[in-house]
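A.B. asks: Sequence first, predicted coordinates after that:
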Amino acid sequence: MSEVGAAAGNAESAGNAEPAAAGGGTHARSRARRLSIRGLNKWFGANHVVKDLSLAVEPSEFLVLLGPSGCGKTTALRIIAGLEAADSGRVLLGDTDVTDELPKYRDIAMVFQSYALYPHKTVAENIGFPLKVRGLKGEERAAAVRDAAAQVHMEDLLERYPRQLSGGQRQRVALARAIVRRPSAFLMDEPLSNLDAKLRGYMRAELKHMQHELGVTTVYVTHDQVEAMTLAHRVAILDEGALQQIGTPREVYDNPANLFVAGFMGSPPMNFVRGRIENGRFESGGGGGVGVPVEGARDVAEAVMGFRPEDAEVADPGTGLFDATVYAAELTGDVTLVTVALGEDASLSIKMPKEYDVDFDRKVAVRFPLERGFLFDAATGDRLPARFISAPAG
């Protein structure tokens, strides 16, 4: 057995409850348990990869751990699964402290990025492996396998081997293997990252519907903010091992807590203009002539103005908050994405209607509703309790 396969077996093969019939959403929801992570810390040598992480995942909730590569999200997931030991902190499933339990005793199923299927076993044997380890035999195991396969639309491929399957089909088998034993919680480590863009979109919808039907408490790790926005009930955003913000996708998108969250959420990300706040006014520091009155802000030597591409528009020069120069315009299908240059060291993205067309190097104005703008302290990254109050005179 490979190392990954052994890990899959340990993480998925155990638990005290017998499997329920697939599609039994009400029964699954009745088994859903709260997952609590309290003050987790993990070091690899001098590298502090998980920093005092505390989270509570409610029964049947779909929580996404989101962040860039190397931010500690997969390490945190592996600690929850029992595949890594925490240096401090506790993991609780319901009222049971499982911090020091072996993976096979945690009643948690994990789906890996690499699928972790056994190449010498059929689809049916892969799906049924957790039940075999638990001693379930005969028709009872076969029925549970068929039901789990039907849940992911793989019931006609039970006799095939992994090498005979597409990437999407292999991921479905890995999901069915997790489903079959009806765990108290699912853990998913970037399970869609090996799929092409079209199949990822399809599998996102499948995953969301499946989790809704099963009602299993789920923690899902990804670096893809589109996956986070579309799948999650709540998103927990990590950077350098520390929790930056947790909330619904709409909350973290519309009200980012800091500069990192604002820049990480969104495609394209939030536009930033660097400058300063002085005497109740934001002034740009890199050319472009940005100047906007501000209410409720102290003087800040290094400040950042932020606004979303979809909240802004380009217009005739002199009719907006500031002027800029068109760098490029790209028709993406549903919108035209206009990139403008502000001074020598800043570029901004603006979503315009798909019919919009503009020439290179044209002077344009940029404007957005002032209530949709944000202000940040560049030195600390913190969101400032301030707002823009009116367009600049003239």
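C.D. replies: Received the coordinates, thanks.
A.B. asks: which stretches of the stretch 151-300 of the chain form strands?
C.D. replies: 185-189, 217-222, 234-239, 242-247, 271-277, 281-284, 291-295, 300-307 (DSSP state E, counting those that start in this stretch).
A.B. asks: Identify the residues contacting the longest one?
C.D. replies: Just to be clear, that refers to strand 300-307. Residues outside strand 300-307 that contact it (Cβ atoms under 8 Å, 6 or more residues apart in numbering) are 259, 262, 270-277, 282, 284-285, 290, 292, 368, 372-379, 384. To be clear about C-beta, it is placed using only N, CA and C from the backbone, and glycine gets the same treatment.
A.B. asks: Show me what counts as buried in the helix or strand that it is followed by.
C.D. replies: Where DSSP states H and E defines the elements, the next helix or strand beyond strand 300-307 is strand 313-315. Neighbour-count burial for strand 313-315 flags 313-314 (criterion: 16 or more other Cβ atoms under 10 Å).
A.B. asks: if we can go back for a sec, for PyMOL, write a command that selects the buried ones of the contacts of strand 300-307.
C.D. replies: Per 16+ other Cβ under 10 Å, the buried members of these correspond to this PyMOL selection:
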select buried, resi 259+262+270+271+272+273+274+275+276+277+282+284+285+290+292+368+373+374+375+376+377+378+384
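A.B. asks: Show me what the lengthiest helix in the chain is packed up against.
C.D. replies: For the chain, the helix that runs over the most residues, judged by DSSP state H, is helix 197-214. Secondary-structure packing of helix 197-214 (3 or more Cβ pairs under 8 Å, 6 or more residues apart in numbering; DSSP states H and E): helix 25-31, helix 138-151, helix 167-179, helix 225-231.
A.B. asks: winner for burial among those helices?
C.D. replies: Mean neighbour count (mean count of other Cβ atoms under 10 Å) peaks for helix 167-179 among the helices and strands packed on helix 197-214, with a mean of 24.
A.B. asks: Just the angle for that helix relative to helix 138-151, thanks.
C.D. replies: 130 degrees (axes from the mean of the first three to the mean of the last three Cα atoms, to 10 degrees).
A.B. asks: So for helix 167-179, mean pLDDT?
C.D. replies: Helix 167-179 carries an average pLDDT of 87.
A.B. asks: same thing with stretch 65-83?
C.D. replies: 96.
A.B. asks: cool, and stretch 383-394?
C.D. replies: For stretch 383-394, mean pLDDT is 74.
A.B. asks: could we number from 9 for the rest of this?
C.D. replies: Yep, numbering from 9; the last one is stretch 391-402 now.
A.B. asks: picking that back up, export the strands of the stretch 159-308 of the chain to JSON lines and tack on distance to N49 and mean pLDDT?
C.D. replies: Output for the strands of the stretch 159-308 of the chain, formatted as JSON lines (distance: least, Cβ to Cβ, whole Å; pLDDT from 0 to 100):
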{"stretch": "strand 193-197", "distance to N49": "19", "mean pLDDT": "92"}
{"stretch": "strand 225-230", "distance to N49": "18", "mean pLDDT": "96"}
{"stretch": "strand 242-247", "distance to N49": "14", "mean pLDDT": "98"}
{"stretch": "strand 250-255", "distance to N49": "11", "mean pLDDT": "98"}
{"stretch": "strand 279-285", "distance to N49": "32", "mean pLDDT": "94"}
{"stretch": "strand 289-292", "distance to N49": "39", "mean pLDDT": "91"}
{"stretch": "strand 299-303", "distance to N49": "39", "mean pLDDT": "91"}
{"stretch": "strand 308-315", "distance to N49": "31", "mean pLDDT": "95"}
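A.B. asks: Can you tell me which of those is nearest to E321?
C.D. replies: E321 lies closest to strand 308-315 among the strands of the stretch 159-308 of the chain, at 10.9 Å (Cβ to Cβ).
A.B. asks: Relative to the closest one, what are the paired strands and their orientations?
C.D. replies: Next to strand 308-315 in the sheet, as set by DSSP bridges, lie strand 279-285 (antiparallel), strand 382-385 (antiparallel).
A.B. asks: quick revisit: name the residues that touch the longest helix of the chain?
C.D. replies: Contacts to helix 205-222, defined as Cβ under 8 Å, 6+ apart, come from residues 31, 33, 36-37, 70, 159-160, 175-176, 179, 183, 187, 194, 199-200, 203, 226, 235, 238-239.
A.B. asks: Kindly export it (C-alpha atoms) in CSV.
C.D. replies: C-alpha atoms of helix 205-222 as CSV (Å, rounded to 0.1, in the frame of the first residue of the first chain):
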residue,chain,number,x,y,z
ALA,A,205,-11.8,24.4,-15.7
LYS,A,206,-15.1,23.1,-17.2
LEU,A,207,-15.1,19.9,-15.1
ARG,A,208,-14.2,22.0,-11.9
GLY,A,209,-17.3,24.1,-12.5
TYR,A,210,-19.5,21.0,-12.9
MET,A,211,-18.0,19.2,-9.9
ARG,A,212,-18.5,22.4,-7.7
ALA,A,213,-22.2,22.2,-8.3
GLU,A,214,-22.2,18.4,-7.7
LEU,A,215,-20.3,18.9,-4.4
LYS,A,216,-22.5,21.7,-3.2
HIS,A,217,-25.7,19.7,-3.9
MET,A,218,-24.3,16.5,-2.4
GLN,A,219,-23.3,18.2,0.8
HIS,A,220,-26.7,19.8,1.0
GLU,A,221,-28.4,16.5,0.7
LEU,A,222,-26.1,14.6,3.1
